[in-house]
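*Asks:* Sequence and predicted model, in that order:
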Amino acid sequence: MKYYVVVAHEHNPLMKVLSKKNKHVILYWWFGMIVQFCFLLCVCAEKTSLRGGINSLKSKSIVKLNTQDKHKLVVDNGIVSVSMARPEGYILGISYNGIDNVLDSENQELDRGYFDVVWNEPGEQNLSKSTFQRIHGTNFSVIAADENMVEVSFSRLWTHSMSGKNVPINIDIRYIFRSGDSGFYSYAIFNRPKGMPGIEVDQIRFVFKLDKDRFKYMAISDTRQRNMPAMKDRNTGQVLAYPEAVLLTNPINPQFRGEVDTFHGWIGFDSDPPVGFWMITPSNEFRNGGPIKQDLTSHVGPIALSMFVSTHYAGKEVTMAFQEGETYKKVFGPVFVYLNTASSENDNATLWSDAVQQLSKEVQSWPYDFPQSQDYFPPNQRGAVFGRLLVQDWYFEGGRYQYANNAYVGLALPGDAGSWQRESKGYQFWTQTDAKGYFKITNVVPGHYNLFGWVSGFIGDYKYNSTITITPGGVIKLNSLVYNPPRNGPTIWEIGIPDRLTSEFHVPEPYPTLMNKLYTEGRDNFRQYGLWERYTEMYPTDDLIYTLGVNKNKDWFYAHVTRNTENNTYEPTTWQIIFEHQHDLKSGNYTLQLALASAADAYLQVRFNDRSVYPPHFATGHIGRIRGDNCIQRHGIHGLYRLFSIDVPSNLLLKGKNIIYLTQTNADTPFQGVMYDYIRLEQPPSN
């Protein structure tokens, strides 16, 4: 169909002639202009709808709440329509852009979109005995409802009759729907009044199981995007040494044959038209473990996750532990479930870039001002801290002050230096300094905090020596703060870079038969499966020997792991550091600074010039218990940071050749070991 438009305006000669002959023509001209304007609006609206329809709907949509069904409610804002079980709170379906349900309708109603908690009794070390629990709401209420916004609540109160069966926390799950939003918000409120029993919580998350026939493309970052295998491919594949890893032997799509599939973050969008489903987290303040903790964002299925608390890449050391009678209250979220669409098939780049823009909008809007819970702190009730961080290392650059460039600085619950990375109960607020060390931490929830920090290029953790109390609307301006990193004397030698990562060391090439094609280039090569087994190939009988002045960082294997002998049995390994000390030894203690980027069920012993001395000159004790931070098997490059400052009496060293022996003694599995961040030997202190 073709449209023809005759443009009439007051400068058109025809209009001048007509207006002279008929004084009423000018009225027709105005009418024509109005019709033309309305026509153009319709054409623009049609073109906009072809690009996805989101912009055209935002200005017109109103939020409708339907509660006529006693067992189900539906909230529709004109862009997305969400149905939920009542009063349980499960999300039964999400309709968008003509799609009846983007969730997996083949799953049971309670297994499509839900909120779950993994918990156990205090002191339980066996992860298999933890309880996985979907939270069933027992009370439904409408918190707010008008044409602009609806907020609904699904809550569950704990009683003593639930002991041993339900996590002893009162939980309120909220969903918010606003006019013009291509998605919805979700958050949860935890409350423990007095009298509740003690527990440990290992995991808290929202889960959305998407339509497996529609969503087949993963997107986590600009570089980590790809089509993904299906769950059926995993079920028909070969389970490897780490049970979560499967060799795809007979996939539906032959391009995946021979690849290893593991649990990585991904979001699927492969549809007609293409549709994206995105979990957007505008702030990490309610997550555990601090600013560099790694976590999972999704599972094969496809399954999208919003993880608030977990022990991934950290182990049981970061579990949320409550004593009997301990009170607690915290708001997790809100997070935003965002849906978008594109105009052409497989327009993945458009969907991704649009989601990135939406993330930026959500971050700029944080903290939100629309959640109705009295436990949520809006912008006008939050505070801020400003300051500057400098570094002074007496044996670096003559002891002059250095700018703490790009350092991490943050507020967390009071504790020892570095305790923030194991902290899981409170809020944390982090930022990074500018080139001159200045920082500002804004939107801080009122409370008592310690100020923590760490600086790449220097070992250890910074802690401000006073407690910081944030009041609603309060602003605290600190003077210049100085971090003196651990140091006892001048550097004799060093291995690695003190950045809490092990990426500067040798990350071997993956097995050709176990390769994931997504990670064949760049620094992400460590994410390949089975790299720990490469150590046995490189050192089948003898272990790594590193000679200062001869070897470089790339000669140091990225993980100190066990050796596979025969019949899948493993043995401890001992690495050697050889160095020449050409000068006379000074009296007093030398210092070995030993920084670890990861530890998994390990026991590290250190000996100087005597491989068999017992007890060893130093031992870390059992670190990274219960699978530790899982970085070896989960293909990580860092977990929990540990620093050991080891005194080395001068009588343990020799003038001339010296050998330091590093023995990792635990050897029951291929996944026990440590990852070194940085090692430095220092002279005794000088005047």
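*Replies:* That came through, no problem.

*Asks:* in the chain, which helix or strand is least confident?
*Replies:* Every helix and strand of the chain was ranked by mean pLDDT, DSSP states H and E. The lowest is strand 260-261, at a mean of 32.

*Asks:* in the helix or strand following that one, what's buried?
*Replies:* Downstream of strand 260-261, the next assigned helix or strand under DSSP states H and E is strand 275-280. Within strand 275-280, the residues scored as buried using 16 or more other CB atoms under 10 Å are 275-280. All C-beta spots, glycine's among them, are computed from the backbone N, C-alpha and C.

*Asks:* what pairs with strand 275-280, and is each one parallel or antiparallel?
*Replies:* Note on strand 275-280: by DSSP bridges, its sheet partners are strand 328-341 (antiparallel).

*Asks:* Tell me the pLDDT of Ser503.
*Replies:* Looking at Ser503, its pLDDT reads 89.

*Asks:* how many neighbours does it have?
*Replies:* By other CB atoms under 10 Å, 17 other residues sit near Ser503.

*Asks:* Surely it is in contact with Met675?
*Replies:* No: when contacts are counted by CB atoms under 8 Å, Ser503 is not listed as touching Met675 (9.8 Å).

*Asks:* Overlap of the contact sets of these two?
*Replies:* 558, 637 (CB atoms under 8 Å, 6 or more residues apart in numbering).

*Asks:* What's the mean pLDDT across stretch 350-366?
*Replies:* Over the span of stretch 350-366, the pLDDT mean works out to 91.

*Asks:* What residues of it count as buried?
*Replies:* So, applying 16+ other CB under 10 Å, buried residues of stretch 350-366: 350-352, 354-355, 358-359, 362, 366.

*Asks:* Of these, just say which sits nearest to Phe557.
*Replies:* Ranked by distance to Phe557 (CB to CB), the buried residues of stretch 350-366 are led by Trp352 at 35.6 Å.

*Asks:* any idea how far Gly276 is from that closest one?
*Replies:* Plainly put, Trp352 is 8 Å away from Gly276 if you go by CB to CB, to the nearest Å.

*Asks:* residue ranges with poor pLDDT in the stretch 1-150 of the chain?
*Replies:* Counting by pLDDT under 70, the stretch 1-150 of the chain has low-confidence residues at 1-60, 125-128.

*Asks:* got the residue ranges for the helices in it?
*Replies:* 13-21, 25-50, 54-58 (DSSP state H, counting those that start in this stretch).

*Asks:* Could you find the closest non-adjacent residue to Gln577?
*Replies:* Let me fix one detail, which is that residue 577 is Ile and not Gln. Closest residue to Ile577 apart from its sequence neighbours, by CB to CB, 6 or more residues apart in numbering: Ile660 at 4.2 Å.

*Asks:* That neighbour touches Asp610, doesn't it?
*Replies:* No: counting by CB under 8 Å, no contact exists between Ile660 and Asp610, whose distance comes to 10.6 Å.

*Asks:* More neighbours: the two, which one.
*Replies:* Ile660 (23 against 12).

*Asks:* Only alpha carbons, please: show the helix or strand hosting that one as PDB.
*Replies:* For Ile660, the element it lies in under DSSP H and E is strand 656-664. What follows is strand 656-664 as a C-alpha-only set of coordinates in PDB (Å, rounded to 0.1, in the frame of the first residue of the first chain):
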ATOM      1  CA  GLY A 656      75.700 -18.700  48.100                       C
ATOM      2  CA  LYS A 657      73.100 -21.100  46.800                       C
ATOM      3  CA  ASN A 658      69.800 -21.300  48.700                       C
ATOM      4  CA  ILE A 659      66.700 -23.400  48.100                       C
ATOM      5  CA  ILE A 660      63.200 -22.700  49.400                       C
ATOM      6  CA  TYR A 661      60.900 -25.800  49.300                       C
ATOM      7  CA  LEU A 662      57.100 -25.300  49.000                       C
ATOM      8  CA  THR A 663      55.200 -28.500  49.600                       C
ATOM      9  CA  GLN A 664      51.400 -28.800  49.200                       C
END
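
*Asks:* Would you mark the buried spots in that strand?
*Replies:* 658-664.

*Asks:* Quick one: list the elements packing against it.
*Replies:* Counting by 3 or more CB pairs under 8 Å, 6 or more residues apart in numbering; DSSP states H and E, the packing neighbours recorded for strand 656-664 are strand 560-561, strand 573-581, strand 602-608.

*Asks:* Neighbouring strands - and their directions - for that strand?
*Replies:* Here, using DSSP bridges, strand 656-664 pairs with strand 573-581 (antiparallel), strand 602-608 (antiparallel).
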